[in-house]
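1. for reference, the sequence and a predicted model appear below.
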Amino acid sequence: MKILSVSTATNHLSVAINEGSKVLVEANEEDQRNHSEHLDPLIDQLLKQTQLKLADIDRFAVAIGPGSYTGLRIGITTIKMFASILNKECAGVSTLAALAANVAAKDKLVVSLIDARNDNFFAGAYLNGENVIADGHYAFDRLLAAIKQVEADRKLPLVFVGSGLDKIKDRLDQSKLDYEFGQADQNQPHAGEIGRLAEHIEPVDPDQLLPRYLRRTQAEVDWHKKTGQPYGPDSAYVEEV
Amino acid sequence: MSKEKDVRILAYESSCDETSTAVIKNGREIESLIVATQIKSHQRFGGVVPEVASRHHIEVISQITKEALAEAKVTWNDLDAIAVTSGPGLVGALLIGVSAAKAASMATGLPLIGVDHIMGHIMAAQLKDEIAYPALALQVSGGHTEIVLLKDPVHFEIIGDTRDDAAGEAYDKIGRVLGVNYPAGKTIDAWAHQGKDTFHFPRAMMEEDNYDFSFSGLKSAFINTCHHADQIHEKLDKYDLAASFQAAVVDVLADKTIRAIKEYQPKTFIMGGGVAANQGLRERMSAEIAKLPDAVKPKVILPELKLCGDNAAMIGAAAYNLYRDGQFSDLTLNADPSMELPYADSMLN
Ligand SMILES: [Zn+2]
């Protein structure tokens, strides 16, 4: 099965084509703030390198969140349109699961982080691929408490990967946890790993492939607080006229 | 002579709070038009919240692509190009249409055409009637108030622009003062027809020898009048307030536009944009143009009411002209939130 995968969830752009679990080709652009301009040409380049056409791809995969809201939507819109038009499968992979997959070693608790500012992180912890601290939006103290709870039982070596690591170093040192930080290359999502993960998950209808923001917009939160009204499904707010 | 081949364009528009797709034949005929509006969502907040808008756009984009093809009874093989609004607008919102259109172009091999949203609004007229050039357009919406000279179907120049608020923006702001939910234009227009211009708000820049507008002074005068009445517990007639506001807006727009028509002598006069649906403005412009001497009287095209707001049909119409002119985009096409039509040389001095 040929899988084309992308990540636009962070400032790092990654595209890969896998054959089954084998990464045929992967390209990464660091510190790239203009995914819209670069994504399609990069996909085009990898297709040419592998002498494949989009129509040869069996499954399209994408980092579905959390991450930069605008970034996520560029990758997800692209992937959902490919799958929808070409009648192919598509799958969304947690950005945090993809980050955790950068650590190949077994039996380590891998904590994936995406800095969400103000001491908040989009984070999740993974043990041998299993999400043991659920992907979510955490104040760091709350995340640290959850990690300590897992560690109290299992005493696993800890690896932190992702962004904002320098902001938590002091507190981790004080916590007396036995931990290490990921190497540079492990701190960004890689499309090749997204492809590997996507191979084993249930594909979804392209129309249903949507970002997992893990946070409501501030406007909605304020409105909910002010009016006490329930958020309601998003579909209730959009109508065809 | 053999008949020219039909050109079918699938168009996307997602610059603000409407997600829309359309299939347009030969730049003139709407074979399908799908508009998914988010108004209900943004009404919770009293105006468009950009992040919420982007979230809604991605929810429907692939679905309404299929619907546009189905309604037009065409497949991807029947299409000749894919068009999309690339700016101006909300960047996150624009990016959904741009990403979708580029992906569609890659997946199908069809050429891609990035379209200026304002050029689209003006070209809603082409869906109603044939435009003779040169033409002159009054483009009025929530984001823009411009007089645009159309030299031909693809060369547009701004000859007049607002220095501050757009006319539609002023409507929304005074609507808030009157307790009218966004978007306020339609209600204010209806109220205006039931009231009289009793407040005589200022007509900014009317006497100036240019085609520029300013609406912030009018907006302030309106708000001050209401606040002052509040303080002395006086109740003002909302219909007269609406009528007075609208009269000031329409006076300025009509005066400057008629002067521009006299100077440039266009063969066609067009109105475009959300405020082009305003009955007061439509009636006034038609009446003023009817008064012009036959030698300078342009043909008038007021777009269908449902095509005044944001929609993909107008983008498909404009894209057809670009297609005929050979103006295509490549895969690096990006959203440009502050995209602008070029200004006429006379405005740059
Ligand atoms: Zn518009």
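-> Received, thanks.
2. ok, longest strand in chain A?
-> Longest strand in chain A, counting residues (DSSP state E): strand A:130-139.
3. quick one: the helices in chain A?
-> Assigned by DSSP state H, the helices in chain A fall at A:35-49, A:69-86, A:95-100, A:140-154, A:169-175, A:191-198, A:218-227.
4. err, chain B, not the other one
-> Ranges of helices within chain B are B:39-43, B:50-72, B:91-108, B:117-123, B:167-177, B:185-192, B:216-231, B:238-264, B:279-290, B:312-324, B:345-348, based on DSSP H.
5. looking at those, which is closest to the ion?
-> Within the helices of chain B, the stretch nearest the ion is helix B:117-123; the backing value is 5.6 Å (CB to the ion). Yep, even glycine has a C-beta here, placed from its N, CA and C like the rest.
6. report how many residues lie close to B:Ser198.
-> Not quite, residue B:198 is Thr, not Ser. By the other CB atoms under 10 Å in any protein chain shown criterion, the neighbourhood of B:Thr198 contains 13 residues.
7. surely B:Met347 is in contact with B:Arg163?
-> No. Contact criterion CB atoms under 8 Å: B:Met347 and B:Arg163 do not qualify, at 11.8 Å.
8. returning to that earlier point: what would the helices of chain B look like in TSV with distance to chain A and mean pLDDT?
-> Listed next are the helices of chain B as TSV, based on distance: least, CB to the nearest CB, whole Å; pLDDT from 0 to 100:
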stretch	distance to chain A	mean pLDDT
helix B:39-43	3	92
helix B:50-72	4	97
helix B:91-108	4	98
helix B:117-123	17	98
helix B:167-177	16	92
helix B:185-192	14	95
helix B:216-231	23	94
helix B:238-264	25	96
helix B:279-290	20	96
helix B:312-324	13	98
helix B:345-348	29	74
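9. turn those into CSV, columns for mean neighbour count.
-> Shown next, in CSV, are the helices of chain B (neighbours: other CB atoms under 10 Å in any protein chain shown):
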stretch, mean neighbour count
helix B:39-43, 18
helix B:50-72, 22
helix B:91-108, 27
helix B:117-123, 28
helix B:167-177, 23
helix B:185-192, 20
helix B:216-231, 15
helix B:238-264, 21
helix B:279-290, 16
helix B:312-324, 28
helix B:345-348, 10
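10. where do the domain boundaries of the chain fall?
-> Let's take chain A. Using automatic domain parsing, the domains assigned to chain A come out as A:2-95+A:188-227, A:103-187.
11. right idea, wrong chain: chain B
-> Chain B breaks down into these domains under automatic domain parsing: B:8-124+B:307-324, B:130-302.
12. turn those domains into JSON lines, columns for distance to the ion.
-> As requested, those are exported to JSON lines (distance: least, CB to the ion, whole Å):
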{"stretch": "domain B:8-124+B:307-324", "distance to the ion": "4"}
{"stretch": "domain B:130-302", "distance to the ion": "5"}
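13. mind putting the ones you listed in TSV, distance to A:Leu165 included?
-> Listed next are those as TSV, based on distance: least, CB to CB, whole Å:
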stretch	distance to A:Leu165
domain B:8-124+B:307-324	27
domain B:130-302	42
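14. re earlier: present the helices of chain B as CSV; the columns should include distance to A:Gly124.
-> Below are those laid out as CSV (distance: least, CB to CB, whole Å):
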stretch, distance to A:Gly124
helix B:39-43, 29
helix B:50-72, 22
helix B:91-108, 25
helix B:117-123, 39
helix B:167-177, 41
helix B:185-192, 46
helix B:216-231, 48
helix B:238-264, 53
helix B:279-290, 54
helix B:312-324, 39
helix B:345-348, 54
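15. quick revisit: buried deepest among the helices of chain A, which one?
-> Per residue and on average, the most neighbours among these fall to helix A:95-100, with a mean of 30 (mean count of other CB atoms under 10 Å in any protein chain shown).
16. packing partners of that helix?
-> The contact analysis (3 or more CB pairs under 8 Å, 6 or more residues apart in numbering or on different chains; DSSP states H and E) places helix A:95-100 against strand A:59-65, strand A:109-115, strand A:120-127, strand A:130-139, strand A:158-162, helix A:191-198.
17. so what does the last one touch, helix or strand wise?
-> Under the contact definition 3+ CB pairs under 8 Å, 6+ apart, helix A:191-198 sits against strand A:2-7, strand A:13-19, strand A:22-29, strand A:59-65, strand A:89-94, helix A:95-100.
18. how about CSV for those, with mean pLDDT added?
-> Listed next are the helices and strands packed on helix A:191-198 as CSV, based on pLDDT from 0 to 100:
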stretch, mean pLDDT
strand A:2-7, 98
strand A:13-19, 98
strand A:22-29, 97
strand A:59-65, 98
strand A:89-94, 98
helix A:95-100, 98
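19. now these in TSV, with distance to B:Ile131?
-> What follows is those, written out as TSV (distance: least, CB to CB, whole Å):
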stretch	distance to B:Ile131
strand A:2-7	42
strand A:13-19	42
strand A:22-29	44
strand A:59-65	42
strand A:89-94	42
helix A:95-100	49
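20. can you redo those as TSV with distance to the ion?
-> As requested, the helices and strands packed on helix A:191-198 are exported to TSV (distance: least, CB to the ion, whole Å):
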stretch	distance to the ion
strand A:2-7	31
strand A:13-19	31
strand A:22-29	33
strand A:59-65	30
strand A:89-94	31
helix A:95-100	34
